[in-house]
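Q: sharing a model that was predicted from the sequence below.
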Amino acid sequence: MNNRSDTSPAPVRLSDYRAPAWRVSQVELTFDLGIDTTEVTSRLHLQGDPAQQGPLRLDGEGMELLSIELDGQPLADHAWRYTDTVLEVDGVRDGSVLETRVRLQPAANTALEGLYLSGPRERGFLLTQCEAEGFRHITFFPDRPDVLASYTVTLRADRDRFPVLLAGGNPDGEGALEGGRHWARFVDPHPKPSYLFALVAGRLQKLEHDYVTGSGRSVKLVIWAEPDAIGQCGYAMDALERSMRWDEQVYGREYDLDVFHVVATHDFNMGAMENKGLNIFNAKYLLADPDSSTDDEYRAVEAVVAHEYFHNWSGNRVTCRDWFQLSLKEGLTVFREQQFSADMNSPALKRIEDVALLRRAQFPEDAGPLAHPVRPAQYSEINNFYTATVYEKGSELVRMIAGRLGREGFRRGMDLYFSRNDGRAATLEDFLGALSEANGIDLSPYLAWYSQAGTPRLSARGHYDAAHRSYTLTLSQHTPPTPQQSHKQALPIPVKLALFDRAGHMIPLHLAGDKADASGATERVVVLDRAEQQFVFQQVNDAPVPSLLRGFSAPVILECAYAPADLALLLRHDPDGFNRWEAGQQLATRAYDNLRDGDDTRALDAWCEALAALFNDGSLDAALLADLLTPPGEIELSERERQVNPSHVHTLRQQLQEHLAVRIGQEALQRRYESLAAHTNLQLDAASQAHRRLKRRVLELLSRIDPWTAHTLATLQYDNAPSMTDRLAALSVLVRGDAPQAHAALLHFRERYADNPLAMDKWFSVQTQLPGEVVLERVRALEADAAFTLKNPNRVNSLFGAWARGNPNGFHRPDGGGYQLLAERLKQLDALNPQIAARMATAFNGWQRLEPGRRTLARSAIESVAAHPGLSRNLNEIVQSMLHG
Ligand code: ZN
């Protein structure tokens with residue numbers, strides 16, 4: 001067992017929530033900034049009742065306390081106590097002002113939480129990251145999201161070293177100081193929680209744009225980046241403007257300060273952060289140009305810029321009462337971003353991409369030792385709960401509810417939610433309550449989705465009664481037990497559906513017991529809210545094929561005994577682009593089962609047949625075709641196995657693609673590739689992106705049956721690529737095929753992009769996709785490369801993350817070598833950056849379902865991490881849940 005009870009304090013529980021004893025109305029902060037040491041003076045204007053509340057207790061960690069005064073008087077030693085994490089002060093009254101002065105060491109901060117240095121000390125810049133509990137590393141404060149205060153922030157620093165000084169809020173003066181120093185002040189008029197505080201100081205350049213809101217207010221938009229990257233900010237600026245316009249038009253929400261600053265950094269623990277008026281981005285989600293970014297990355301920049309901007313209302317103006325409500329802002333904001341991206345691009349492709357992510361990242365989480373509800377009941381380290389469940393499943397819950405209310409009803413509900421909770425710290429009950437009240441509908445049954453972990457299984461059985469021309473659909477639900485939650489209740493599951501005749505047409509629906517006016521539509525939603533329910537459709541002339549959960553109307557796993565021919569019919573004819581893809585995924589899964597079990601080949605034949613027909617049907621959108629031609633990934637396929645052997649899964653999936661390629665034919669593939677290659681360009685419009693996507697997929701399929709030709713074409717594509725999308729696709733085909741040409745291409749890439757960190761990340765990650773066990777040698781060689789460092793999260797993810805998560809067959813070596821290497825690096829990483837170490841450790845998720853040999857080896861690797869002395873609370877919580885969950 002573990003002997004580090006010091007790193008596992010009692011968990012925080014939702015049921016223990018109490019309103020704050022002391023509040024802060026106003027904060028005045030003064031920073032004397034320096035790379036090695038920074039001094040912070042804080043004046044807190046306190047509100048509370050000492051008779052009721054007892055001494056003031058403030059959070060504070062890892063700071064050197066220089067002085068402390070209450071109401072202008074130095075505090076006597078007996079009047080305050082500072083132990084590790086809490087400062088206690090006696091004698092505080094309502095209206096008291098507490099002044100503290102602390103010293104921080106930004107350059108020594110490798111955890112990237114609180115105030116830290118990004119880049120080398122000679123030219124790097126200072127910045128902060130406060131969510132969730134970073135502010136307590138900057139000054140003493142009730143560091144919880146339900147304490148809202150207005151902030152006045154003064155920054156002072158050497159002018160040459162820190163020409164740019166930024167904080168959240170509106171600018172409120174600047175000027176010179178003695179000794180080559182200068183100052184700048186910012187006032188944020190909107191009360192905010194401490195996790196939204198931010199500052200940035202250093203040598204940055206800017207891209208500016210004047211924006212006028214719908215109501216005519218002028219806002220200055222400024223994107224800041226280091227000098228070599230400022231040329232890559234144009235796309236993000238456009239995306240920001242589109243986001244602002246969209247939120248005005250779709251939600252009636254305007255921006256509310258005179259300036260909006262956005263900053264790019266290469267040293268960041270997550271994607272980006274919505275600090276009020278001063279968003280900070282991982283450069284990966286802000287910088288883009290055709291020479292170093294792929295089409296997917298462009299879309300990710302647009303999505304993350306929108307996400308952070310949308311937080312200004314869903315998160316900042318209305319924030320969370322406590323961290324258990326995290327999905328209140330994150331699930332809602334992911335949903336708003338998904339709607340936006342669907343409006344800007346193709347709705348079907350966006351839905352496919354999001355559901356694929358949910359299945360790859362969230363379903364496995366919900367099925368393993370780390371499973372937790374969208375609103376967890378307890379946590380030890382809140383940073384471990386920024387998960388796919390809180391974000392992605394949380395978004396699916398909002399989507400279900402929005403679907404239930406309809407477009408106008410949802411808008412009505414959101415208007416009430418925003419107006420009623422503006423300037424407040426709210427709960428999920430406040431959210432559902434406002435939506436319910438504005439629509440006269442009781443949404444409280446949906447609360448169960450927030451408290452119940454695990455992915456529900458929805459099973460569907462159809463029965464056609466020729467004599468009565470009726471079709472009975474029986475739906476039932478079941479959620480398997482998860483750690484700490486063995487009993488599951490029935491949830492409301494909206495099932496959007498259509499029925500197809502044998503010619504592939506949707507038929508009018510006449511649901512028994514329906515009002516006459518709802519009758520006759522070809523699509524409708526039924527809600528299963530019990531364990532089992534029947535729905536009877538009348539006037540059905542022939543046994544129909546049901547298209548269920550259209551658009552993925554609920555985050556469940558559908559179990560339906562379709563005949564392969566039924567799925568093939570949907571794959572050929574369903575006008576719902578998402579469900580067409582979904583039918584293909586289901587059919588591919590059955591085809592995979594055919595290969596594994598070696599019994600019949602009906603599904604395999606049907607899948608290949610239908611896709612070959614679609615391949616030759618020129619009317620299909622090229623990007624949708626590319627997605628249709630891609631079977632579920634290895635992680636998804638593994639989820640269905642009772643005992644997982646990752647190398648078998650890999651081999652079978654490769655065979656599946658081989659069958660498809662053979663069925664389409666070498667010649668047809670090569671011809672299609674060449675015609676697509678002839679039209680390659682640099683443009684970012686949907687059609688050009690779609691061509692590149694299909695071209696890549698066709699080349700990958702070709703490489704399965706004719707590697708020599710595919711590698712020759714890939715080499716040509718690499719050499720002549722006008723964009724990173726084409727270059728990286730070619731490189732990936734060469735690496736994955738272990739082609740002799742890969743070596744020269746990789747050398748060239750390294751040379752060409754040596755000074756471009758985001759491109760170098762791709763150089764690392766593409767090589768982690770080398771097939772088979774040999775990739776371990778490559779990973780070891782790459783970590784010895786001069787460009788590798790454990791101190792940079794993007795670099796760590798591009799090597800260890802891409803390998804351990806993106807190449808299951810390579811990571812899960814039967815000799816456990818992969819597990820050992822990861823375990824060793826986790827221990828080192830934990831000493832530098834606990835957040836990143838904890839997230840990386842989740843790569844072991846699913847270990848309990850591995851075949852016995854690998855399972856034993858994985859367990860001892862995880863145990864060796866658990867036994868490491870001085871583990872952080874972050875990593876400790878993950879490995880403990882992993883072992884005992
Ligand atoms: Zn967010």
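A: That came through, no problem. Numbering: from 1, shown residues only.
Q: so what strands line up beside the lengthiest strand in the chain?
A: The longest strand of the chain (DSSP state E) is strand 181-192. Strand 181-192 has the following strand partners under DSSP bridges: strand 149-158 (antiparallel), strand 170-176 (antiparallel).
Q: now the element after that strand, going C-ward?
A: For strand 181-192, the following helix or strand on the C-terminal side (DSSP states H and E) is strand 199-202.
Q: for that next one, packing partners?
A: In this structure, strand 199-202 packs against strand 125-129, strand 149-158, strand 164-167, strand 278-282, with contacts taken as 3 or more Cβ pairs under 8 Å, 6 or more residues apart in numbering; DSSP states H and E. (Glycine included, C-beta is placed from N, CA and C.)
Q: quick one: the longest one to strand 125-129, angle?
A: Our comparison of strand 149-158 with strand 125-129, counting by axes from the mean of the first three to the mean of the last three Cα atoms, to 10 degrees, yields an angle of 160 degrees.
Q: lowest-scoring secondary structure element of this structure by mean pLDDT?
A: In the chain, no helix or strand scores lower on mean pLDDT, DSSP states H and E than helix 50-53, which sits at a mean of 81.
Q: immediately after that helix, which helix or strand?
A: With secondary structure assigned by DSSP H and E, helix 50-53 is succeeded by strand 56-59.
Q: let's test this: mean pLDDT of that following strand, rounded?
A: Mean pLDDT, computed over strand 56-59, is 98.
Q: again, but for stretch 367-384
A: Taken as a whole, stretch 367-384 has a mean pLDDT of 98.
Q: with stretch 827-839 instead?
A: Stretch 827-839 shows a mean pLDDT of 98 in the predicted model.
Q: buried residues in that stretch?
A: Counting neighbours by 16 or more other Cβ atoms under 10 Å, one finds that the buried residues in stretch 827-839 are 827, 829-839.
Q: and the stretch 201-350 of the chain, which residues reach the ion?
A: Listed as neighbours of the ion in the stretch 201-350 of the chain under the rule Cβ under 5 Å from the ion: 330, 333.
Q: close to the ion: what parts of the protein are there?
A: By Cβ under 5 Å from the ion, the part of the chain that sits against the ion consists of 330, 333.
Q: other SSEs contacting the longest helix along the chain?
A: Counting residues, the longest helix found in the chain (DSSP state H) is helix 394-421. In terms of contacts (3+ Cβ pairs under 8 Å, 6+ apart), helix 394-421 is packed against helix 234-251, strand 318-320, helix 326-344, helix 428-439, helix 447-451, strand 493-500.
Q: 7 Å instead, please
A: In terms of contacts (3 or more Cβ pairs under 7 Å, 6 or more residues apart in numbering; DSSP states H and E), helix 394-421 is packed against helix 326-344, helix 428-439, strand 493-500.
Q: ramachandran coordinates for the residue located most distally from the centre of the chain?
A: For the chain, the largest distance from the centre (Cα atoms, centre = their mean) belongs to A467, which lies 51.1 Å off. The phi and psi torsions at A467 (degrees, to the nearest 10) take the values phi -60, psi -40.
Q: for it, give its distance to F141.
A: Separation of A467 from F141 (Cβ to Cβ, to the nearest Å): 73 Å.
Q: burial measure for G179, as a count.
A: If you count neighbours by other Cβ atoms under 10 Å, G179 ends up with 7.
Q: where does it sit: helix, strand or coil?
A: Of the three states, G179 takes helix according to DSSP: H, G, I helix; E, B strand; the rest coil.
Q: for it, give its distance to Q452.
A: From G179 over to Q452 the distance is 61 Å, taken as Cβ to Cβ.
Q: now L776
A: Distance from L776 to Q452, counting by Cβ to Cβ: 39 Å.
Q: cool, and I557?
A: I557 sits at a distance of 15 Å from Q452 (criterion: Cβ to Cβ).
Q: G413 too?
A: Note on G413: its distance to Q452, by Cβ to Cβ, is 23 Å.
Q: okay, those two: which has more neighbours?
A: Between G413 and Q452, counting by other Cβ under 10 Å, G413 is the more crowded of the two (24 against 19).
Q: rewinding a little: dump the helices and strands packed on helix 394-421 into JSON lines; add mean neighbour count and mean pLDDT as well.
A: Shown next, in JSON lines, are those (neighbours: other Cβ atoms under 10 Å; pLDDT from 0 to 100):
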{"stretch": "helix 326-344", "mean neighbour count": "24", "mean pLDDT": "99"}
{"stretch": "helix 428-439", "mean neighbour count": "20", "mean pLDDT": "98"}
{"stretch": "strand 493-500", "mean neighbour count": "21", "mean pLDDT": "98"}
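Q: how about the ones you listed in TSV, adding distance to P227?
A: Below are the helices and strands packed on helix 394-421 laid out as TSV (distance: least, Cβ to Cβ, whole Å):
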stretch	distance to P227
helix 326-344	30
helix 428-439	43
strand 493-500	51
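Q: ok, which of those comes nearest G409?
A: Nearest to G409, of all the helices and strands packed on helix 394-421, is helix 428-439, at 4.7 Å by Cβ to Cβ.
Q: which residue packs closest to the residue in the stretch 501-650 of the chain that the ion sits nearest to, ignoring adjacent ones?
A: Relative to the ion, the nearest point of the stretch 501-650 of the chain is P555 (18.6 Å; Cβ to the ion). Spatially, and ignoring its direct neighbours in sequence, P555 is nearest to E396 (4.0 Å; Cβ to Cβ, 6 or more residues apart in numbering).
Q: hmm, the one you found is touching G551, no?
A: No. If you go by Cβ atoms under 7 Å, E396 and G551 don't touch, sitting 11.3 Å apart.
Q: between these two, which one's more packed in?
A: For E396 versus G551, the count of surrounding residues by other Cβ under 10 Å is larger for E396: 24 against 17.
Q: for the more buried one, give its distance to the ion.
A: E396 is 16 Å from the ion, where distance means Cβ to the ion, to the nearest Å.
Q: next: D247.
A: D247 sits at a distance of 15 Å from the ion (criterion: Cβ to the ion).
Q: same deal with V733?
A: Taking Cβ to the ion, one finds V733 at 34 Å from the ion.
Q: do V779 as well
A: In this view, V779 and the ion are 31 Å apart by Cβ to the ion.
Q: so where does that residue fall, helix or strand?
A: Per DSSP H and E: helix 775-783 holds V779.
Q: could you give the separation of that helix from the chain centroid?
A: 27 Å (Cα atoms, centre = their mean, to the nearest Å).
Q: read off the pLDDT value for D289.
A: Value listed for D289 in the pLDDT field: 97.
Q: and the buried residues of stretch 827-839, which is closest to R795?
A: Distances from R795 to those, taken by Cβ to Cβ, are shortest for I836, at 10.5 Å.
Q: helix/strand/coil for that closest one?
A: Secondary structure, three-state DSSP: I836 is helix.
Q: which pLDDT value goes with the closest residue in space to it that isn't next to it in sequence?
A: The shortest distance from I836 to any non-neighbouring residue, by Cβ to Cβ, 6+ apart, is to P793 (4.9 Å). P793 is assigned a predicted lDDT (pLDDT) of 99.
Q: residues of stretch 702-709 that come out buried?
A: Buried, per 16+ other Cβ under 10 Å, within stretch 702-709: 702-706, 709.
Q: again but with stretch 730-737, I slipped
A: Neighbour-count burial for stretch 730-737, with 16+ other Cβ under 10 Å as criterion, is recorded at 730-737.
Q: which two among the buried residues of stretch 702-709 are spaced furthest apart?
A: R704 and T709 (11.4 Å).
Q: may I have stretch 9-25 exported as CSV, CA atoms only?
A: Once non-C-alpha atoms are left out, stretch 9-25 reads as follows in CSV (Å, rounded to 0.1, in the frame of the first residue of the first chain):
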residue,chain,number,x,y,z
PRO,A,9,-5.7,14.4,2.3
ALA,A,10,-9.4,13.8,2.8
PRO,A,11,-11.4,14.2,-0.4
VAL,A,12,-13.5,17.3,-1.0
ARG,A,13,-17.2,16.4,-1.2
LEU,A,14,-20.1,18.1,-2.9
SER,A,15,-22.3,17.4,0.1
ASP,A,16,-19.9,19.4,2.3
TYR,A,17,-20.5,22.6,0.4
ARG,A,18,-20.9,25.7,2.7
ALA,A,19,-21.2,29.3,1.6
PRO,A,20,-17.9,31.3,2.2
ALA,A,21,-17.4,32.6,5.6
TRP,A,22,-15.6,35.7,4.4
ARG,A,23,-16.1,37.5,1.1
VAL,A,24,-13.8,40.0,-0.7
SER,A,25,-15.5,42.9,-2.3
